[in-house]
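> here is the input, now give the coordinates:
(2 chains)
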Amino acid sequence: MSLAELETQLRPVFLAALAGDAAAYRLFLDTISARLRGYLRQMLLRVGRSEASEAEDVLQETLLALHISRHTYDPASPVTAWAHAIARYKLVDHLRRSGRHAANLPLDDEVYQLAAPDGAAPDARLDLESAMQALPERTRVLIDRVKIQGASIAEAANAEGMTETAAKVAIHRGLKAMARFLTKRGTRPT
Amino acid sequence: MQTDDLISLMTASHRPVDTGWLKRATWIAALATLAATVALVLLTLGQRPDLGSAWMTLPVVAKALLGASVATIALVLFQRSLRPGLKPARLLPLVAIPVLLVAAGAVLTLAQAPAEQWSALVFGRYWRACLIAVPLYALCPLVVLLIVARSGAPMNGRLTGACAGLASAGLAAVAYSVHCPDDTVPFLATWYTLAIMIVTGLGALAFPRLIRW
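Model (predicted):
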């Protein structure tokens, strides 16, 4: 699918998501993450990194950043360009952290144009797990319920004796804290 | 954690999103810090003695207009620089328009004045005060814009910092114009412009480290 087609398909979906439609949000994330996975793999290949788990780590970090920065999307601009800019920022950040100069990164607009979507998610390395360890106990339990046991927010909230809104807020804060943890890892190679 | 799990978490905690918030926060921050800076100038330096009769004269209006137009352009770019995928850097040269207009006015003034007056026209009485006061007062809006910047997703910290610096200096220039007793266009073109450049440089240097995300 060309980038223009993807944009036509994804823009209304994302606008619906911004208005609060969770199913549209899920569709957006599934679609854009397949595209970004292809993009990130190719970019990492270009600098001689072929491990799929590394691309998956950067993808997860990118998705977290997309999620937390939803309010920075300008509804008049292409959503694919917005997602691409965030992925590129996180990729440059990742390469810099692992001791590679981002200046060596070749121009990538073309890669993004042509990147084939890749829906098969390999295992990530441990980045996100270590970020989760930094969360408060209660948030972690809540996240585990939703993530591993596939519980709905309502069920998880109930089990923890919280309201659904409080659970949503807690998970959102948890995701934010995880993103902050990943940003603050500093410049040491991971 | 699997990417699919992460997406489930993000979907589960998803709520409606307000994409206009950044823009509103930027303008509210600018107006609030402008009011605060004017109050600060009045409290610390006091108004110029003749403010009542002078505020409608061309030089005073020119000072405020220079500051306000630089700040307005810079704030638009600042706000856009916090949104990934937009390319506001292309519009940065627009800021030069008010600065160049004032510079042209300065050259015109000097050309019409005898050479022995040039030094008085450029240096005025208090050029050092202007050069110190405008950057100092600009710190107030600069810090608030830093906080706004941290709630966005700046792609280019240097650009965001430069825009914040330009906007803060513009706001500080407006505020300082209620005190500044030097009313020549060459003075304005030299010292206000220099002060604006100082704050712009400060923003461009300081922001990148502070707004990483």
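> ok, and the closest non-adjacent residue to the residue most central in space within chain B?
When CA atoms, centre = their mean is applied to chain B, the residue found nearest the centroid is residue B:167 (2.0 Å). Nearest-residue entry for residue B:167: residue B:74, 3.9 Å, with adjacent residues in sequence omitted and distances by CB to CB, 6 or more residues apart in numbering or on different chains. To be clear about C-beta, it is placed using only N, CA and C from the backbone, and glycine gets the same treatment.
> and residue A:113, by the same measure?
With CB to CB, 6+ apart as the criterion, residue A:113 has its nearest non-adjacent residue at 5.2 Å, and that residue is residue A:3.
> and the pLDDT at that neighbour?
Model confidence at residue A:3, expressed as pLDDT, equals 87.
> where in the chain is pLDDT low?
Chain wasn't specified; assuming chain A. Residues of chain A meeting the criterion pLDDT under 70: A:100-109, A:126, A:148-150, A:186-190.
> walk me through the domains of it.
When chain A is parsed into structural domains using automatic domain parsing, the resulting residue ranges are A:1-121, A:126-190.
> hang on, the earlier thing: the residue nearest to the centre of chain B and residue B:144 touch, don't they?
No: between residue B:167 and residue B:144 there is no contact under CB atoms under 8 Å: 10.3 Å.
> do you know the pLDDT at the residue lying closest to residue B:122 once chain neighbours are set aside?
Distances taken as CB to CB, 6+ apart place residue B:186 nearest to residue B:122, at 4.6 Å, with adjacent residues excluded. In this model, residue B:186 is scored at 91, pLDDT.
> who's in contact with residue B:186?
B:106, B:109, B:110, B:118, B:121, B:122 (CB atoms under 8 Å, 6 or more residues apart in numbering or on different chains).
> narrow those residues to those that are buried.
With burial judged by 16 or more other CB atoms under 10 Å in any protein chain shown, the buried subset of these is B:106, B:109, B:110, B:121, B:122.
> which residues does the last one contact?
Meaning residue B:122. Residues touching residue B:122, when contacts are defined by CB under 8 Å, 6+ apart, comprise B:110, B:184, B:186, B:187, B:190.
> what do you get for the third one?
Contact partners of residue B:110, counting by CB under 8 Å, 6+ apart, are B:118, B:121, B:122, B:186.
> which helix or which strand is home to the residue sitting nearest the centre point of chain A?
Nearest residue to the geometric centre of chain A (CA atoms, centre = their mean): residue A:63, 0.9 Å. Counting by DSSP states H and E, the element that carries residue A:63 is helix A:52-68.
> after that helix, which helix or strand is next?
By DSSP H and E, the next helix or strand past helix A:52-68 is helix A:79-97.
> and residue A:71, how many neighbours does it have?
By the measure other CB atoms under 10 Å in any protein chain shown, the count of residues near residue A:71 is 18.
> and if you look at residue B:58?
11.
> near chain A, which residues of chain B are found?
Contacts of chain B with chain A, taken as CB under 8 Å from any CB of the partner chain, map to B:1-19, B:21-22, B:80, B:82-86, B:152-153, B:155, B:212-213.
> the residues you listed, buried ones only, as a ChimeraX selection?
In ChimeraX syntax, the buried subset of these is picked out as below (16+ other CB under 10 Å):
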select /B:1,2,3,5,6,7,8,9,10,11,12,13,14,17,19,22,80,82,83,84,85,86,152,153,155,213
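> which of the residues in the helix or strand of chain B with the lowest mean pLDDT are buried?
Of all the helices and strands that make up chain B, the one with the lowest confidence by mean pLDDT, DSSP states H and E is helix B:51-54; it has a mean of 77. In terms of neighbour count (16+ other CB under 10 Å), helix B:51-54 has its buried residues at residue B:54.
> can you give the distance from that helix to the centre of its chain?
24 Å (CA atoms, centre = their mean, to the nearest Å).
> again, but for stretch A:164-178
When distances are taken as CA atoms, centre = their mean, stretch A:164-178 is centred 16 Å away from the chain's centroid.
> quick one: stretch B:31-51 to chain centroid distance?
Relative to its parent chain, stretch B:31-51 has a centroid offset of 16 Å by CA atoms, centre = their mean.
> equivalent analysis for stretch A:51-64, please.
The gap between the average C-alpha position of stretch A:51-64 and the chain average comes to 8 Å, counting by CA atoms, centre = their mean.
> show me the contacts of residue B:110 that map onto helices.
Secondary structure assignment by DSSP state H places B:118, B:121, B:122, B:186 of these in helices.
> quick one: the second one and residue B:114 touch, right?
I take that to be residue B:121. No: contact between residue B:121 and residue B:114 fails when scored by CB under 8 Å: they sit 10.2 Å apart.
> who's in contact with residue B:108?
Residue B:108 makes contacts with residue B:185, as judged by CB under 8 Å, 6+ apart.
> return the set of buried residues in the helix or strand hosting it.
Using DSSP H and E, residue B:108 sits in helix B:96-112. Using 16+ other CB under 10 Å as the burial criterion, the residues of helix B:96-112 that qualify are B:98, B:99, B:102, B:103, B:105, B:106, B:109, B:110.
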